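>>> Sequence plus predicted model, see below.
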Amino acid sequence: MTLAELRKKAMALPQQPGVYIMKNKDKKIIYIGKAKKLKNRVSSYFISNKSHSAKVIKMVQNVDDFDYILVDTEFEALVLECSLIKQHMPKYNILLKDDKGYRYIKISAGEFPKISEAKRIENDGAEYIGPYVSNFSVKQALDETLKIFKLPRCSKKFPRDWGKSRMCLNGFMGLCSAPCAGRISKEEYANNITAARSFLKGGSKTAVAELTEKMNEYSRELLFEDAAKTRDTIKAIKNLEETQKVVSVNYPDEDVFSIVNSNSKACFEVLRFENNRLTDSEFWLIDPVFDMPGARFELLERYYSLRGRVPSRIVTDGDIQDEELLKQFLESMRGKKVEFFYPQRGEQLKILNMCIKNANEHLAQNQGRLGKELAALKELADLLGLKNAPEYIESYDISHTAGADNVAGMVVFQNGRPLKSAYKRFSIKGFEGQNDVGSMNEVLRRRFEHYLNDGENSTFKTLPDLILLDGAAAQVNAVIPVLKSFSLDIPVFGMVKDSKHRTRAIAATGGEIQINSNRQAFTLVSSIQEEVHRFSVAYHHAKHKKSSFSSSLMQISGIGEKKAKALLKHFKTITAIKGAAVQQLQQCPGISLQNANDIYDFYHNS
């Protein structure tokens, strides 16, 4: 079908909840979506693409036809959509791919179980705890369990090898109860396995509670040796708790999510907490996100469709589109209440910030950057109200001496680092004297004229995500009309200094934004301001020195401003002019024999 035919078909749809199924010319399903009102949602794909992401535009280009299924409620549409996506796995629905390898902790069957790591669940009568996505999480949990409950790590089989050999080094070091040497009774070994299972499945609090009850029971029965061993196990668990770096104090069962966005990629990060402990983490690198609330809905829906396990609380870094609908969907999966939480302070905010930090690091590694650079850009974006972290920043500064030798410097920071190949220098041409506001207006106008007129290889062809001017609101107000005249929508802010020439705040059209409390953004802006000031001042000094030389040349009879500039252009330095012979001086364009003799005499005979 043509786009017009698809639009006509979409406009004939009813205003009812349902699921729509997009197909390509080979009749293959490429996208499945839900809608509260099918007509509005489906027709929006074929009317205008101005608000669509690149991914949606690409999908629409491949649509040849679509089907739909009507349902009674939006919730039914969501459930059906989820089921159909699982069944067909359409190309443009796969935000998160379930391609991660899983790990389990295995408790073998039989009279003498052993605890080990497993890559898959087998039909062997064993008990499997998991799944864990992170192999590190499995190894850590397994190591802690074997150490606390002194369980064997060797390949010996029991009861076959019970009491038939000397104990190994782990036994001598007290890391194993040494059943191979008969150092532990079969009843005590069974008790240790039971306690280890409780620790793995219920966490430290459950295990400690059960062991404390057991210890008290031993004491009542005057089995003081058994009570002392149980006490030591409780102590080992508590010592482990103290060394645990991250513990969700208030909610033992929760998942923490964050999305960090850039212009080229986004990272979706998950931290999973069970029984007050961080048990696992996952991340996905996905296409850039343009609608954060909508993306959170889709990502959470897809994530729990993959994982199945839904916790009692879900912590996110921002609003979720159709939150109540998603909540209803997740509660139907869990069979119990689910809470969404947006922390503003305290322990939960620290955990969310840790999740964001990890997402920053993963995204930065993918883009060849450092996590702190990406974090600084995101913090700056949040501070200035930008949709995305500004990957390409241009900064401008004006430099002169009492209005003389008026110049401007332009520096570029790409991904938080100086891009010196894109630096530019401007000599102010529009007027003489001191006028920083007028100079900034001229420089930005010339910069975007280059954007329109230069060839494709010019660095001026790259438009910035953000412009930072060295100055206050006056400079910002001078530049905004320039951008409007070129029909450009680029955010512009000023960088305000204190009396000691250090960054104090960011200037906007409506006032100042304090930046000192935002440490990473403050460091980045300070670096940009120092660099653009250094660059523009260096250019001014060079020009001022050259103009001083030029004025000394103009003291020579017959040498005016034009010939002085020609001499400096030809010889580069005054030293070279001083050392030149008459014949060499005469080779400079516009310099006559008389001029050459006068110059030579000026520097050698006066």
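The structure has been received and is ready for your questions.
>>> So what does Arg220 have for phi and psi?
Phi and psi for Arg220, reported as degrees, to the nearest 10, are phi -60, psi -30.
>>> Just give the number of residues close to it.
Arg220 has 9 neighbouring residues, counting by other Cβ atoms under 10 Å. Bear in mind the C-beta positions are built from the backbone N, C-alpha and C, glycine included.
>>> Show me the contact partners of the helix or strand encompassing Tyr31.
Element membership for Tyr31, per DSSP states H and E: strand 29-35. Strand 29-35 has contacts (Cβ atoms under 8 Å, 6 or more residues apart in numbering) with 17-24, 41-42, 59, 62-63, 74, 77-78, 80-81, 84-85, 88, 90-93.
>>> The same query, at a cut-off of 6 Å, please.
Here strand 29-35 makes contact (Cβ atoms under 6 Å, 6 or more residues apart in numbering) with 19-24, 41, 59, 62, 77-78, 81, 84-85, 88, 90-93.
>>> likewise stretch 445-458?
By Cβ under 6 Å, 6+ apart, the list of residues contacting stretch 445-458 from outside reads Phe460, Val482, Phe486.
>>> Make a ChimeraX selection of the buried ones in these.
In ChimeraX, a selection of the buried entries from those looks like this (16 or more other Cβ atoms under 10 Å):
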select :460,482
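>>> Please tabulate the contacts of stretch 445-458 in TSV, including the columns distance to Phe224.
Formatted as TSV, the contacts of stretch 445-458 follow (distance: Cβ to Cβ, whole Å):
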residue	distance to Phe224
Phe460	84
Val482	86
Phe486	87
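>>> Which parts of the stretch 1-150 of the chain are strands?
For the stretch 1-150 of the chain, the strands defined by DSSP state E, counting those that start in this stretch cover 18-23, 29-35, 65-70, 103-107, 115-118, 127-132.
>>> Identify whichever of those strands lies nearest to Glu5.
strand 65-70 (9.1 Å; Cβ to Cβ).
>>> how much does the strand holding Tyr31 deviate in direction from strand 18-23?
Put simply, strand 29-35 runs at 160 degrees to strand 18-23, going by axes from the mean of the first three to the mean of the last three Cα atoms, to 10 degrees.
>>> what mean pLDDT would you report for strand 29-35?
When pLDDT is averaged over strand 29-35, the result is 93.
>>> Only C-alpha atoms, please: export it in PDB.
The C-alpha trace of strand 29-35 is given here as PDB (Å, rounded to 0.1, in the frame of the first residue of the first chain):
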ATOM      1  CA  ILE A  29       5.100  -8.700  11.200                       C
ATOM      2  CA  ILE A  30       7.600  -5.800  12.000                       C
ATOM      3  CA  TYR A  31       5.800  -4.000  14.800                       C
ATOM      4  CA  ILE A  32       3.000  -4.600  17.300                       C
ATOM      5  CA  GLY A  33       1.500  -1.800  19.400                       C
ATOM      6  CA  LYS A  34      -1.500  -1.100  21.700                       C
ATOM      7  CA  ALA A  35      -3.800   1.900  21.700                       C
END
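>>> and it, which strands flank it?
Note on strand 29-35: by DSSP bridges, its sheet partners are strand 18-23 (antiparallel).
>>> Can you list which of the contacts of strand 29-35 are found in helices?
Counted as lying in helices by DSSP state H, out of these, are Arg41, Met59, Ala77, Leu78, Glu81, Leu84, Ile85, His88.
>>> Turn these into TSV, columns for pLDDT.
Shown next, in TSV, are the ones in helices among the contacts of strand 29-35 (pLDDT from 0 to 100):
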residue	pLDDT
Arg41	91
Met59	89
Ala77	92
Leu78	92
Glu81	90
Leu84	89
Ile85	87
His88	85
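>>> on that earlier part again, just want the angle from the strand holding Tyr31 to strand 65-70.
Angle between the axes of strand 29-35 and strand 65-70 is 40 degrees (criterion: the same axes, to 10 degrees).
>>> Would you indicate which residues of strand 29-35 are buried?
Neighbour counts using 16+ other Cβ under 10 Å place Ile29, Ile30, Tyr31, Ile32, Gly33, Lys34, Ala35 of strand 29-35 among the buried residues.
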